[in-house]
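S.K.: Fold the following.
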Amino acid sequence: MTSETGTAFAHPSARAQTTTGAGALDRISVRDHMVEVEIGAFQAERGTTQRICFNVVVEVRPLTDAIEDDVDRILSYDKVTEAIAAELAEERLNLLETLAERIAERILWEPQAVRTFVRIEKLDRGPGALGVEIVRSVNDLKTKPITPHAATTPHPHVVFLTNTAIRSPNLSRWLDQLEARAEPVILCVGRADEVPPQTGHRMTQRRVDLLAMEQNAWVLAGRDERCVVVATRTELDWSMKHGQISVWAPSKIVLDAVDGPGVATDDPVALAAWFAGYIEASDLLMIGETPPKSCRVPVLFQDVAQSGL
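M.R.: Presented below is the predicted three-dimensional model:
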């Protein structure tokens, strides 16, 4: 019995090891991911949901330099679960084979992905699990027409809050109204009223100014537990797709940006305007602050005393 045959019913991670040739790749895996969904070709499967179990392994290109504990530099597990959710939301399907193909294709469009093993099983159609497993690589994508996927990244409302707005007794009510909107919300803040330390050096001062804004972001998070401080693009994408109110901690995105803000980091309004364009926001709402001189998205203004959003 070959190792390939011996692992026929093993987890896809074991299958991946069996079929790896020279030049082993790194792997990430999602195990026993359960979803209730309507799927199937039989009449008994229509109009009702059933439990579907997903096991996915993705072989990825190893990074050539240090990871530096940076989530934006790796293929996140969220990309796998989001691929599953996106394809399930696309349309009702009859076949697990079709679903597996589409999930594999979506995963393989990630730059780091090289090969993926996708196993999908129905758990409620009999005494055992009924399923399908496929193996696809980036080479398979090159040999057939690729269906372009619609953009799944939402266009959030970016809201700038002054310190007066943060301290306002109306803060909770504003957050209630923002939370009720269909689009996700990202909050931006400036630094606290106190002047941050001055270093006398442009690059170090830049970091101090950004950290001062992040300190104020944590102050806002302390005012309402719905506000979650996020720093990376991966965290922002996840929070937008899951309805979380994010508070932007700017250091990482600003310092890592290839096409940087081009504005002084001691100007939080201009920085918020740059971020709104960077994140492809639907608009930028200024609460208690004069609108920026320029912005790539529409800008709205509300007075703190009169704001009803």
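
S.K.: for the stretch 151-300 of the chain, which spans come out with low pLDDT?
M.R.: Within the stretch 151-300 of the chain, the segments meeting pLDDT under 70 span 151-153, 258-259.

S.K.: can you map out the helices along it?
M.R.: In the stretch 151-300 of the chain, the helices defined using DSSP state H, counting those that start in this stretch lie at 163-167, 171-179, 202-223, 233-241, 251-256, 268-278.

S.K.: Please name the residues that touch P197.
M.R.: Listed by Cβ atoms under 8 Å, 6 or more residues apart in numbering, the contact partners of P197 are V208. From N, CA and C alone the C-beta is placed, and that goes for glycine too.

S.K.: swap that for T164, please
M.R.: T164 touches 288, 304, counting by Cβ under 8 Å, 6+ apart.

S.K.: mind checking how far it is from E289?
M.R.: For T164, the distance to E289 equals 9 Å [Cβ to Cβ, to the nearest Å].

S.K.: repeat for D224
M.R.: From D224 to E289 the distance is 19 Å (Cβ to Cβ).

S.K.: okay, those two: which has more neighbours?
M.R.: When D224 is set against E289 and neighbours are counted by other Cβ atoms under 10 Å, the residue ahead is E289, at 22 against 15.

S.K.: where do the strands sit along the stretch 101-250 of the chain?
M.R.: Per DSSP state E, counting those that start in this stretch, the stretch 101-250 of the chain carries strands over the ranges 113-122, 130-137, 157-161, 185-189, 227-230, 245-248.

S.K.: What lies in contact with the last one?
M.R.: Judged by Cβ under 8 Å, 6+ apart, the contacts made with strand 245-248 from elsewhere in the structure are 175, 178-179, 184-189, 217, 220-221, 226-230, 235-236, 239-240, 275.

S.K.: Taking those residues, please make a ChimeraX selection of just the buried ones.
M.R.: Restricted to buried positions by 16 or more other Cβ atoms under 10 Å, the ChimeraX selection for the contacts of strand 245-248 reads:
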select :175,178,184,185,186,187,188,189,217,220,221,227,229,230,235,236,239,240,275
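
S.K.: how's this structure carved up into domains?
M.R.: 10-141, 157-302 (automatic domain parsing).

S.K.: Pick the most deeply packed of those.
M.R.: domain 157-302 (a mean of 18; mean count of other Cβ atoms under 10 Å).

S.K.: roughly how far apart are P298 and A14?
M.R.: Distance of P298 to A14, given as Cβ to Cβ: 53 Å.

S.K.: And the closest residue to R206 other than its chain neighbours, its phi and psi?
M.R.: Spatial nearest neighbour of R206, chain neighbours left out: T265 (4.9 Å); criterion: Cβ to Cβ, 6 or more residues apart in numbering. Here is the backbone geometry of T265 (degrees, to the nearest 10): phi -70, psi -10.

S.K.: ditto for F54
M.R.: Main-chain dihedrals, F54, degrees, to the nearest 10: phi -110, psi 130.

S.K.: Just list whatever residues bridge to it.
M.R.: When bridges are called by DSSP bridges, F54 pairs up with H33, I120.

S.K.: Check it and give its pLDDT.
M.R.: According to the prediction, F54 has pLDDT 96.

S.K.: What of A44?
M.R.: The model's pLDDT for A44 equals 82.

S.K.: Check Q17 too.
M.R.: We note a pLDDT of 66 for Q17 in this prediction.

S.K.: And V138, by the same measure?
M.R.: We have a pLDDT of 87 for V138.

S.K.: ditto for the one 3 residues further on
M.R.: pLDDT, the model's per-residue confidence, is 75 for L141.

S.K.: Just give the closest residue to it, not the sequence neighbours.
M.R.: L108 (5.6 Å).

S.K.: hmm, back to that, could you export the strands of the stretch 101-250 of the chain to JSON lines, including columns for distance to R73?
M.R.: Shown next, in JSON lines, are those (distance: least, Cβ to Cβ, whole Å):
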{"stretch": "strand 113-122", "distance to R73": "14"}
{"stretch": "strand 130-137", "distance to R73": "22"}
{"stretch": "strand 157-161", "distance to R73": "25"}
{"stretch": "strand 185-189", "distance to R73": "22"}
{"stretch": "strand 227-230", "distance to R73": "17"}
{"stretch": "strand 245-248", "distance to R73": "20"}
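
S.K.: which residues touch D193?
M.R.: N163.
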